[in-house]
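Participant: sharing a model prediction with you, sequence too.
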Amino acid sequence: MFVRLKSVAAGQRSYQYVQIVENRREAGHVRQHIVASLGRLDRLEAEGDLQRIIEGLVKLAPQVRLVKAQREGSLSAQSDRLWGPVLIFERLWQELGLHKLMREIAGSHRLKFDLERCAFAIVLQRLIAPGSDLQGSQWVRTVEADGFDKLQLAHFYKTVGLLWRHKERIETYLYRRGLDLFNQEVDLVFFDTTSTYFEGMSLEGWAKRGMSRDHRPDHLQLILGVIMRRDGIPISCEIWPGNKADVTTLIPIMKDLKRRFRIRQAILVCDRGMVSAANLKALSDAGYQYIVGMRMRRALEVKRDVLGRAGRYREVQHNLHVKEVWVDKRRYVVCLNPERAEKDRVDRQAILDKLETKLKSGAKALIPNTGYRRFLKSGKGAVEIDHARVKQDERYDGKYVLRTTTDLAATEVAQAYRQLTWIERLWRELKDVMEVRPIYHHLRKDNVKGHIFGAFLALYLSAVLRRRLDDNWRAEHPDQVRDLPAPGQQPARYHVAWDSLMRDLSALRAIRVQLDGELYLLRTEFRGNANDAFQAVGLRPPPLAEKLGV
């Protein structure tokens, strides 16, 4: 909409008329339509009406009014705070009923602060600005959220301790709430671990030094384990000293799942890092079923008896063929991806071609390279290609081997393990949310564990949001929805990276301004994919401007 001067001839004279005009698109063309005609310009100027009209229009034009007010000193900015992620995750927090649960927990303690607000602040901090509780107590001052301005550092310390003390209650509540919301029973559980370290030595004897995935063996370590459902929603988290081997944790975890969640039959799905003969025997002896990936090149039985067994593959999909192999009473499922097999063949041939060229100029430079060395043999002062090893390597092309104690069909076993591949991809993407360092709680174990459990709750909220985004994306792109792909391929799901989505949401700011003695709350424009998150949680964006009062 804009102001236009229209010249109109009247006899030998020409007059200019002031009009308010807007552009409209009609039948593929832009046409101008007169909204109002304000009169002849010369008469408006002579009678002083033009000035009054301009002043009236300025009052209706917020941008002009704001510029004018700023120049006159009647406009001042009060604050500029983070808003987008608060709106999204508080919606999920309330929808899951966590606000009510935290208030119930607070009711059993004599607290002089709002436990629910502090718990949400801790979870939100893990999602947006991971750091210590000290940093969190300062960070909340930059966030537009009810009640955050009253939180103090002591409240953070008290809250993380209470979170850990009520861990089982919170996990059980979320587990049951998740089944109600998503209507899916748990029959497969997926297990993965990571590690973290913390500052200080006062908890030595509980935390231990161990293999550090963060390359910090000089610090005390903790192992964090997360149990997930088949859709990537977390069920529970566990914490062990840093020297605890992953394989020793499975039996207690499975017992705990049955005890706490009353799961009649849960099939454990885990990768090759969990596998040892003693561990699998312990699982079987305890009556737990499993599907595990096997180390094809290291397990003698797999190399000799499983991969060496003849038999026809059954085609499940174009990129998944399966066959079942029994060795004594042990059941294996061999999976073949023809596309991956061809890639493995081409990659190996490229190495062999390069070897042929390199060997002509001397082999010493090739020996340190493991990619080359596995195809070489030396003898009589010469190095040459070992064709027997090449032939042996061909047996692994495009294959992976599973071992299971279930009665599931071989195709179902393969599909379950394929879910693990994208669960792990999801875990790698989302466990950045579980960034828990720096941890400076020197005096209380519960505070350290509660700090980490706050990250688990953040992981839960992020997984729920990711599921909502996936569901929305599939509903909008039904032609692109397909079965779970083979390992190494991307599943059909929402394509925007998590950190990119968080940046777009964080760009949505709440700006408080005072204009002519009245307080207004303004929001910045949406950026990137922020609107996807609002649609996924069913939340309307806040208005661009809202009057709050003085």
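Facilitator: Noted; the coordinates are in hand. Numbering: from 1, shown residues only.
Participant: tell me which element the nearest residue to residue 79 once chain neighbours are set aside falls in.
Facilitator: Distance criterion CB to CB, 6 or more residues apart in numbering; nearest residue to residue 79, sequence neighbours excluded, is residue 512 at 4.7 Å. For the C-beta atoms, the positions are set from N, CA and C on the backbone; glycine is no exception. Residue 512 is located in strand 509-515, with elements delineated by DSSP states H and E.
Participant: moving C-terminal of that strand, what's the next helix or strand?
Facilitator: Next helix or strand after strand 509-515 toward the C-terminus (DSSP H and E): strand 518-523.
Participant: what comes into contact with that next one?
Facilitator: 78, 83, 508-514, 541-550 (CB atoms under 8 Å, 6 or more residues apart in numbering).
Participant: strands of the stretch 1-150 of the chain, residue ranges please.
Facilitator: Here the stretch 1-150 of the chain has its strands, by DSSP state E, counting those that start in this stretch, at 2-10, 13-26, 29-40, 75-82.
Participant: which one of these is the most hemmed in?
Facilitator: Using mean count of other CB atoms under 10 Å, the stretch among the strands of the stretch 1-150 of the chain with the largest mean neighbour count is strand 75-82, at a mean of 15.
Participant: next, the angle strand 518-523 makes with that one.
Facilitator: Counting by axes from the mean of the first three to the mean of the last three CA atoms, to 10 degrees, strand 75-82 lies at 40 degrees to strand 518-523.
Participant: against which helices or strands is strand 75-82 packed?
Facilitator: Where contact means 3 or more CB pairs under 8 Å, 6 or more residues apart in numbering; DSSP states H and E, strand 75-82 is packed against strand 509-515.
Participant: that older thread, from the contacts of strand 518-523, list the buried ones, please.
Facilitator: 83, 508, 509, 510, 511, 512, 513, 514, 542 (16 or more other CB atoms under 10 Å).
Participant: and the strand holding residue 512, average pLDDT?
Facilitator: Averaged over strand 509-515, pLDDT sits at 88.
Participant: could you do stretch 268-288 as well?
Facilitator: Averaging the model's pLDDT scores along stretch 268-288 yields 76.
Participant: and it, how far apart are its ends?
Facilitator: Stretch 268-288 has its terminal residues 8 Å apart, counting by CA to CA, to the nearest Å.
Participant: could you export the buried ones among the contacts of strand 518-523 as CSV, including distance to residue 241?
Facilitator: CSV is the format used below for the buried ones among the contacts of strand 518-523 (distance: CB to CB, whole Å):
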residue, distance to residue 241
83, 40
508, 42
509, 43
510, 43
511, 47
512, 48
513, 53
514, 55
542, 46
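Participant: which pair in those residues spans the largest distance?
Facilitator: Farthest pair in those (CB to CB) is 508 and 514. Separation: 21.3 Å.
Participant: can I assume residue 310 sits in a strand?
Facilitator: No: counting by DSSP: H, G, I helix; E, B strand; the rest coil, residue 310 is not found in a strand; it is coil.
Participant: quick one, phi/psi of it?
Facilitator: phi -70, psi 160 (degrees, to the nearest 10).
Participant: residue 458 versus that one, what's the distance?
Facilitator: Between residue 310 and residue 458 the distance is 50 Å, computed by CB to CB, to the nearest Å.
Participant: which of these two has more neighbours?
Facilitator: Neighbours around residue 310 and residue 458, counted as other CB atoms under 10 Å, are more numerous at residue 458. The numbers are 24 against 6.
Participant: in what helix or strand does that one lie?
Facilitator: For residue 458, the enclosing helix or strand under DSSP H and E is helix 445-476.
Participant: tell me the mean pLDDT for that helix?
Facilitator: 87.
Participant: give the buried residues for that helix.
Facilitator: Neighbour counts over helix 445-476 (16+ other CB under 10 Å) mark 446-470, 472-473 as buried.
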